[in-house]
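Q: here is a sequence with its predicted model. Questions after.
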Amino acid sequence: KLRWPQSSQKTNADYHHLLAWTSVLNGEMFNYQLSGMLMQLYVIYLPKFLFWRDTMLSSGCLRLLMFDYYNSMLINTVDEDGNNVELGGEFALEENEHFNNMPVNTLQSDIQIPTNVYNKDPNILNAIYNSEALNDVFILNFQKDPTLTWQYFGSSTGFFRIYPGIKWTPDSNGVAAFDCRNRNWYIQAATSPKDIIIMVDISGSMKGLKMTIAKHTINTILDTLGENDFVNVIAYTDYVRYVEPCFKGTLVQADLDNREHFKMLVEELHVKGEAKIKNAMKESFKILNEGSMCNQAIMLITDGAMEDFESVFEEFNWPDRRVRVFTYLIGREMTFAQNTKWIACNNKGYYTHISTLADVQENVMEYLHVLSRPMVINHDHDIIWTEAYMDTVVSRLFTTKAQSLLLMTSVAMPVFSKKKETLSHGILLGVVGSDVPLLEVMKLAPRYMLGAHGYAFLITNNGYILAHPDLRPLYKDGKKLKPKPNYNSVDLSEVEWEDTEEKLRTAMVRGETGSSSLNIRASVDKGQVSVLDFNKPLFLRTYCETDIDPGHRKYSQLQAAIRYLLGKEPDLECDEVLLQQTLFDAVVTAPLEAYWNALMLNDRVEPGLETAFLGTRAGLMRIVRYAGVETRVAKRFLTPVDKDNLYTIDHFPLWYRLAVENTPGSFYYYPVNDKGPCRQPSTSLSFYLMRHVPDQLIPRFIFSPQEVSLFDYQAMCKNSHHHASSARPLLSVSVISYSHKQKKVDALQPCDTAYPGFMYDSSVREANSLIKCGRCQKMFVVQQIPDSNLVLVVTQADCDCSRQYGPILLDEHNATVKCNRMKSQKVRRRPESCHAYHPKENAKECGGASAISLSLSLFSAALLVSSLLHRWT
């Protein structure tokens with residue numbers, strides 16, 4: 001049963017916005033606790049961000065030509081003579097458990113700069129110098145709150161200051177492709193939700209390298225969009241063509257699936273015909289007229305605009321100019337530069353000239369800073385919370401059962417210039433942020449209070465999961481664990497799929513309060529029992545927070561709890577309710593240990609009994625071993641490596657969850673191996689002892705009325721296909737690919753699967769029948785074992801039915817169904833803040849001045865030289 005609290009208290013609008021991003025529905029207490037935490041984070045981070053901003057602004061505006069800083073790519077690097085390389089130097093690094101055992105420097109931040117940005121550019125040096133004061137702020141923050149993780153500042157110039165300092169490892173190509181301005185936390189903090197129409201010229205003049213650059217420009221623009229944005233892509237010549245006909249005349253959410261779908265279609269574009277921009281521009285304005293009315297923009301990608309297009313703007317965009325037009329002139333020719341720039345400058349946009357692939361990234365990012373102008377001029381400090389994402393080292397540190405707890409969310413806000421002389425320019429300095437592990441948030445809804453089968457979960461305003469026990473962001477590719485391409489865009493309806501009418505999802509997204517009941521199907525038994533001797537109760541849950549004070553990190557949970565209860569560590573933050581429940585359980589179950597020992601001393605232990613154990617809801621365990629580790633069959637059971645069968649922060653043990661579902665007074669048997677045949681004297685019969693989940697071939701006949709369909713919308717399937725390597729695979733990072741040869745890729749891709757499940761019918765005591773399997777018939781007998789969950793199955797061994805029943809996959813969608821599914825818009829809630837317009841904005845800074853003036857100066861110089869030569873001759 002999922003419940004929302006009824007509350008009459010009004011909350012701050014900004015705080016309500018934060019709460020809406022992470023909705024927990026499982027009782028008043030958890031909602032109250034989560035609300036308190038988010039408000040606490042709001043109170044903590046807002047002053048810090050404001051202080052960071054003021055620190056940035058008070059650092060002056062000295063123009064520097066030389067300034068040494070710690071470049072994270074170059075630190076601790078020496079040249080052939082053994083000397084530190086420039087911008088390197090000695091940078092002390094020490095492994096830190098709080099930061100996933102990464103080597104870090106908690107006394108210093110350092111700087112990362114992407115390869116495509118010159119690390120000695122005067123603008124970069126000046127911005128880094130102005131941000132030096134942040135180093136002391138980061139250190140002070142971490143000293144005051146040791147639970148903080150990464151703190152960082154992403155500059156609009158391209159550098160990334162991170163604390164604690166780390167050694168940045170380049171990718172396999174030896175480049176630093178990471179650009180902070182491309183990260184969701186930067187983009188979401190810098191801009192409001194946006195509707196984007198990308199118009200690309202595919203006329204004959206765009207052939208060759210121009211088209212390659214244009215395609216990469218489209219992909220880069222798509223990479224700057226997120227789940228709060230909407231988009232469409234139009235290709236034009238003398239007619240208008242939607243790259244996805246299914247999306248004709250509409251905008252679709254720029255989630256990962258749609259963005260990757262657009263990229264795939266863009267790669268298939270071919271040039272032909274003559275460019276006519278007028279009709280395509282009209283179509284774009286008509287689509288945007290049905291949009292969200294927040295930030296709206298048209299991205300024009302062309303090698304030149306020759307038509308008379310002024311009438312289109314007069315009809316659709318002037319005088320309000322609510323739609324910005326950004327123009328990207330492709331190629332080295334500057335013949336139509338003035339026309340292309342005129343379009344941008346007269347529609348509050350920005351003009352850039354892209355002549356090579358290397359120019360794309362930097363030029364595309366300019367549009368974000370233009371869209372941020374109204375927010376900057378308003379001095380609005382919008383704190384944003386991002387969707388879930390995975391830390392870069394988490395895949396090799398995978399230890400927890402609930403994979404969603406590996407994820408993080410970022411809290412960030414913009415930093416801008418408050419100088420009066422540049423107020424109308426709306427100068428964005430960058431974005432500051434910090435990471436918040438979702439594990440810390442989910443601790444506010446402890447499992448011992450929810451019960452063995454209860455769970456809490458978080459979703460975003462778009463209905464995407466932040467944390468959920470059934471969110472599986474990782475998949476196994478060979479021996480490696482990798483993040484799934486769409487791990488942070490899994491909708492709630494894809495894990496709570498019994499909510500067919502999406503009542504629960506809709507209520508949560510809209511921020512409604514109340515209560516709701518929903519029947520769900522879930523497989524309790526997730527795997528086999530696989531199976532230290534403990535003479536004392538085993539504490540594996542978080543009873544006391546030992547990470548806050550560095551002096552407490554040396555204590556185990558048991559040591560911390562004892563010292564807190566004895567009054568030796570009164571400053572420890574401990575869960576007193578959990579401790580009280582555990583102490584109560586320890587007192588009540590204390591006689592059991594003497595009873596177990598008496599059985600062993602009196603030699604009354606039945607043969608084959610290896611371990612006796614007890615577990616309580618509070619997480620206390622008592623264990624006694626009747627057999628040594630050498631003679632035990634289940635050697636791993638209840639050892640530290642047996643994660644499924646121990647209490648952890650995210651789940652009850654598997655045996656506990658199974659047992660509480662059992663009928664009181666009966667035994668629950670959990671065989672280590674329940675698939676192999678028993679020893680049998682006859683070669684024509686096989687004997688099986690089975691648990692509640694029957695063998696595949698039996699339930700299809702006996703329990704067919706109880707068969708149910710289960711779905712997995714997070715599956716990964718092999719999908720062999722051809723693609724151009726310039727269209728990046730779903731799992732790749734933002735690295736420019738200069739090779740365009742066709743190659744075959746046989747990789748796992750996200751897919752949907754269906755598989756049968758069976759409801760155990762306890763009323764069937766005994767059954768027997770025949771199953772026809774090809775050319776033979778298989779006889780079987782099924783009989784329940786009284787007072788247990790076991791079923792005895794006897795079948796013929798000389799008739800093989802294993803090949804008759806294979807895995808079941810969902811059928812491929814036909815074109816119409818697939819189109820409808822892609823266009824379908826689930827209920828979502830747009831972020832409350834929208835900064836699309838400010839009357840004081842100076843739209844005259846619309847780009848291209850340096851490029852054009854440079855060409856004019858070269859032209860003037862050429863004329864002068866020509867004149868001198870003429871006189872000399």
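A: Nice, thanks for sending it over. Residues are numbered from 1 along each chain as shown.
Q: looks to me like residue 143 is in a helix.
A: Yes: Residue 143 sits within a helix when classified using DSSP: H, G, I helix; E, B strand; the rest coil.
Q: and the helix or strand encompassing residue 235, how far out from the chain middle?
A: Secondary structure from DSSP states H and E places residue 235 in strand 230-236. The chain centroid and the centroid of strand 230-236 are separated by 26 Å under CA atoms, centre = their mean, to the nearest Å.
Q: in that strand, which residues are buried?
A: For strand 230-236, burial by neighbour count (16 or more other CB atoms under 10 Å) applies to 230-236. C-beta coordinates here come from the backbone N, C-alpha and C atoms, glycine included.
Q: which parts of the stretch 101-250 of the chain are strands?
A: 102-104, 110-112, 151-155, 160-163, 194-201, 230-236, 240-242 (DSSP state E, counting those that start in this stretch).
Q: so which of the ones you listed comes closest to residue 276?
A: Residue 276 lies closest to strand 230-236 among the strands of the stretch 101-250 of the chain, at 6.9 Å (CB to CB).
Q: tell me the mean pLDDT over the closest one?
A: Across strand 230-236, the average pLDDT comes to 97.
Q: what about residue 551, how many neighbours?
A: 10 (other CB atoms under 10 Å).
Q: shouldn't it be within a strand?
A: No: going by three-state DSSP, the assignment for residue 551 is helix, not a strand.
Q: ok, residue 237 to residue 199 distance?
A: According to CB to CB, to the nearest Å, residue 237 and residue 199 sit 12 Å apart.
Q: still on that earlier bit, list just the nearest of the buried residues of strand 230-236 to residue 102.
A: Looking across the buried residues of strand 230-236 and measuring by CB to CB, the closest to residue 102 is residue 231, at 36.1 Å.
Q: isn't that closest one right up against residue 254?
A: Yes: with contacts counted by CB atoms under 8 Å, residue 231 reaches residue 254, the gap being 4.5 Å.
Q: and for the two, which residues touch both?
A: Shared contacts of residue 231 and residue 254 (CB atoms under 8 Å, 6 or more residues apart in numbering): 196, 222, 225.
Q: list phi and psi for residue 564.
A: Note on residue 564: backbone dihedrals following degrees, to the nearest 10 are phi -70, psi -40.
Q: isn't it right next to residue 571, touching?
A: No: if you go by CB under 8 Å, residue 564 and residue 571 don't touch, sitting 9.1 Å apart.
Q: can you put the shared contacts of residue 231 and residue 254 in JSON lines and add pLDDT?
A: Listed next are those as JSON lines, based on pLDDT from 0 to 100:
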{"residue": "196", "pLDDT": "97"}
{"residue": "222", "pLDDT": "97"}
{"residue": "225", "pLDDT": "94"}
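Q: let me see the ranges of the helices in the stretch 1-150 of the chain.
A: Using DSSP state H, counting those that start in this stretch, the helices assigned to the stretch 1-150 of the chain run over residues 13-21, 28-57, 122-130, 134-144.
Q: next one: the stretch 701-850 of the chain
A: According to DSSP H, counting those that start in this stretch, the helices that the stretch 701-850 of the chain contains are 815-823, 849-872.
Q: which stretch in those has the least confidence?
A: Across the helices of the stretch 701-850 of the chain, helix 849-872 gives the lowest mean pLDDT, at a mean of 39.
Q: okay, the angle between the strand holding residue 235 and strand 194-201?
A: 10 degrees (axes from the mean of the first three to the mean of the last three CA atoms, to 10 degrees).
Q: partners of strand 230-236, with directions?
A: strand 194-201 (parallel), strand 240-242 (antiparallel), strand 252-253 (antiparallel) (DSSP bridges).
Q: deepest in the core, which of the ones you listed is it.
A: Of all those, strand 194-201 has the most neighbours on average by mean count of other CB atoms under 10 Å, namely a mean of 25.
Q: chain center to it: distance?
A: The chain centre lies 25 Å from the centre of strand 194-201; the measure is CA atoms, centre = their mean.
Q: other residues contacting that strand?
A: 214, 218, 221-222, 225, 229-237, 251, 254, 266, 269, 275, 277, 280-281, 284, 287-288, 291-292, 294-303, 330, 371.
Q: next, count neighbours for the closest residue to residue 571 other than its chain neighbours.
A: Nearest non-adjacent residue to residue 571, counting by CB to CB, 6 or more residues apart in numbering: residue 549, 6.7 Å away. Residue 549 is flanked by 13 other residues according to other CB under 10 Å.
Q: how close does residue 549 sit to residue 126?
A: 39 Å.
Q: and if you look at residue 359?
A: For residue 359, the distance to residue 126 - CB to CB - is 23 Å.
Q: so which residues of the stretch 651-800 of the chain form strands?
A: So, for the stretch 651-800 of the chain - with DSSP E, counting those that start in this stretch - the strands run 685-690, 707-724, 742-758, 766-773, 776-784, 791-796.
Q: Serialize the strands paired with strand 230-236 to TSV and add fields for distance to residue 143.
A: Formatted as TSV, those follow (distance: least, CB to CB, whole Å):
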stretch	distance to residue 143
strand 194-201	39
strand 240-242	55
strand 252-253	42
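Q: in TSV: the strands of the stretch 101-250 of the chain, plus distance to residue 611.
A: Shown next, in TSV, are the strands of the stretch 101-250 of the chain (distance: least, CB to CB, whole Å):
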stretch	distance to residue 611
strand 102-104	38
strand 110-112	51
strand 151-155	47
strand 160-163	48
strand 194-201	60
strand 230-236	58
strand 240-242	65
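Q: for residue 670, find the nearest of those.
A: So among the strands of the stretch 101-250 of the chain, strand 102-104 is nearest, using CB to CB, at 38.9 Å.
Q: next one: the closest one to chain centre, how far?
A: Centre to centre, stretch against its chain (CA atoms, centre = their mean), the figure for strand 102-104 is 23 Å.
Q: and what of stretch 247-258?
A: 20 Å.
Q: how long is it end to end?
A: One end of stretch 247-258 to the other measures 10 Å (CA to CA, to the nearest Å).
Q: what's that stretch in contact with?
A: Contacts of stretch 247-258 (CB under 8 Å, 6+ apart): 195-197, 222, 225-227, 229-232, 242, 286-288, 290-291, 462, 485-486, 488-489, 822-823, 825, 828.
Q: filter those to the buried ones?
A: Among the contacts of stretch 247-258, those classed as buried by 16+ other CB under 10 Å are 195-197, 222, 225-227, 229-232, 242, 287-288, 291, 462, 485-486, 488-489, 822, 828.
Q: contacting residues for the spatially most central residue of the chain?
A: By CA atoms, centre = their mean, the chain has its centre lying nearest to residue 389, at 2.8 Å. If you count contacts by CB under 8 Å, 6+ apart, residue 389 has them with 184, 407-410, 488.
Q: pLDDT below threshold where in the stretch 451-600 of the chain?
A: 499, 521-540 (pLDDT under 70).
Q: so where do the helices sit in it?
A: Under DSSP H, counting those that start in this stretch, the stretch 451-600 of the chain gives helices at 503-509, 557-565, 576-601.
Q: the second one - contacts with which helices or strands?
A: For helix 557-565, the packing partners by 3 or more CB pairs under 8 Å, 6 or more residues apart in numbering; DSSP states H and E come out as strand 544-545, strand 573-574, helix 576-601.
Q: quick check: which of these has the most neighbours on average?
A: strand 544-545 (a mean of 22).
Q: quick one: strands adjacent to that one?
A: strand 573-574 (antiparallel).
Q: pull the residues that contact the strand it pairs with.
A: 543-545, 548, 560-561, 564.
Q: what about that strand, distance to the chain center?
A: Between the centre of strand 573-574 and the centre of its chain there are 30 Å (CA atoms, centre = their mean).
Q: ok, now which ones touch residue 372?
A: 190-191, 414, 416, 426, 428, 835.
Q: good, we can wrap up now.
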